[in-house]
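Novice: just a sequence and a predicted model for now, questions to come.
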Amino acid sequence: MSMTFGIVITPRSGAEWARAAQSAEQQGYRTILLPDTLNTPSPFPTLAAAAAVTTTVRLRPNVLAAPLRNPATTVRETAALQLLSDGRFELGIGSGRPDASAEAERLGMPWGSAAQRREQLIATVHAVREQVDPAPPIVVAANGPRMLTVAAGFADRVLLAAGPDATEADLAEMVRIVRDNTDRDVRFTHQLVGIGDELPFWLSKRLGLTADGLRAAGSAGVLDGDPATVTEVLEYRREKYGIDELIVPGELAQAFVPALARFTNPTA
């Protein structure tokens with residue numbers, strides 16, 4: 001399995017979104033991802049708009065918060081995306097960010113305990129697989145041991161939802177938990193935290209983090225600015241851990257161009 005890359009982008013207008021989706025496809029990204037928050041456009045209609053102006057790139061919420069919708073709603077919207085994208089939709093889903101209870105309240109949805117949210121996620125995935133044809137790949141975001149163990153039971157892919165300061169040892173432990181709880185060939189996704197000296201706005205300005213500080217802490221998500229080194233690190237993790245997909249925040253896309261080119265156009 002070769003490395004693939006996804007890009008997280010959010011629209012600022014309809015025309016800009018269409019251009020961004022087409023550009024991501026042309027650059028060699030395999031997947032366009034969109035957050036599921038009340039501060040960003042609803043992922044289903046937005047990804048449907050991306051599907052209309054692209055032909056090969058896959059489309060995935062990153063990630064759908066299961067508690068914000070009942071299973072029937074997710075089934076209906078997933079079926080629509082599968083139809084409109086000609087089967088290019090992927091269901092990225094999780095049990096909800098710890099701070100998303102206020103969003104559930106605004107939508108009039110029960111939040112529930114962590115255990116109840118995990119059960120709702122499982123019920124939603126089962127409903128999608130039973131009622132959507134073709135059923136999309138299921139990508140489950142997981143961090144702690146309980147959610148990783150749950151994801152091991154049914155996910156096609158696990159997004160290692162580690163914090164920005166997570167080390168390579170942390171990633172290895174998360175992979176171990178999943179593999180110890182399944183006999184299936186589950187693959188793994190990790191998200192880029194920074195490259196060179198660049199970090200996304202929310203990490204640098206809102207949380208006050210720096211690339212140097214994260215590197216000093218051993219962050220596995222901060223990659224060297226040298227494309228050859230990036231290639232070596234990502235290939236090592238693909239071989240050793242099965243981490244064969246990297247998600248790139250849109251803010252870091254320009255800095256990531258040289259590294260992406262080594263995978264999408266290795267003769268360039």
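Specialist: Received, thanks.

Novice: so what touches stretch 94-107?
Specialist: 37-38, 63-68, 110-111, 114, 117-118, 120-121, 140-142, 147, 159, 161 (Cβ atoms under 8 Å, 6 or more residues apart in numbering). From N, CA and C alone the C-beta is placed, and that goes for glycine too.

Novice: okay, and which of those residues map to helices?
Specialist: 114, 117-118, 120-121, 147 (DSSP state H).

Novice: how much space between the residue nearest the centre of the chain and I247?
Specialist: Centroid-nearest residue in the chain: N62, 4.5 Å away (criterion: Cα atoms, centre = their mean). Look at N62 and I247: by Cβ to Cβ, to the nearest Å, they are 7 Å apart.

Novice: what touches both of the two?
Specialist: 6, 8, 33, 159.

Novice: who are the neighbours in contact with the closest residue to L64 other than its chain neighbours?
Specialist: Among residues not flanking L64 along the chain, I93 sits closest, at 4.5 Å (Cβ to Cβ, 6 or more residues apart in numbering). Each residue near I93 by Cβ under 8 Å, 6+ apart is listed here: 61, 63-66, 74, 121, 124-125, 138-141.

Novice: TSV for these, including distance to V230, pLDDT and neighbour count?
Specialist: Below are the contacts of I93 laid out as TSV (distance: Cβ to Cβ, whole Å; pLDDT from 0 to 100; neighbours: other Cβ atoms under 10 Å):
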residue	distance to V230	pLDDT	neighbour count
P61	26	98	26
V63	25	96	25
L64	29	97	25
A65	31	95	25
A66	33	96	24
T74	35	98	24
L121	33	97	27
T124	35	98	24
V125	33	98	22
I138	28	98	19
V139	23	98	27
V140	26	98	30
A141	23	98	24
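
Novice: can I get those in a markdown table with distance to R179?
Specialist: As requested, the contacts of I93 are arranged in a markdown table below (distance: Cβ to Cβ, whole Å):
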| residue | distance to R179 |
| --- | --- |
| P61 | 26 |
| V63 | 21 |
| L64 | 25 |
| A65 | 26 |
| A66 | 24 |
| T74 | 28 |
| L121 | 20 |
| T124 | 24 |
| V125 | 20 |
| I138 | 17 |
| V139 | 17 |
| V140 | 15 |
| A141 | 17 |
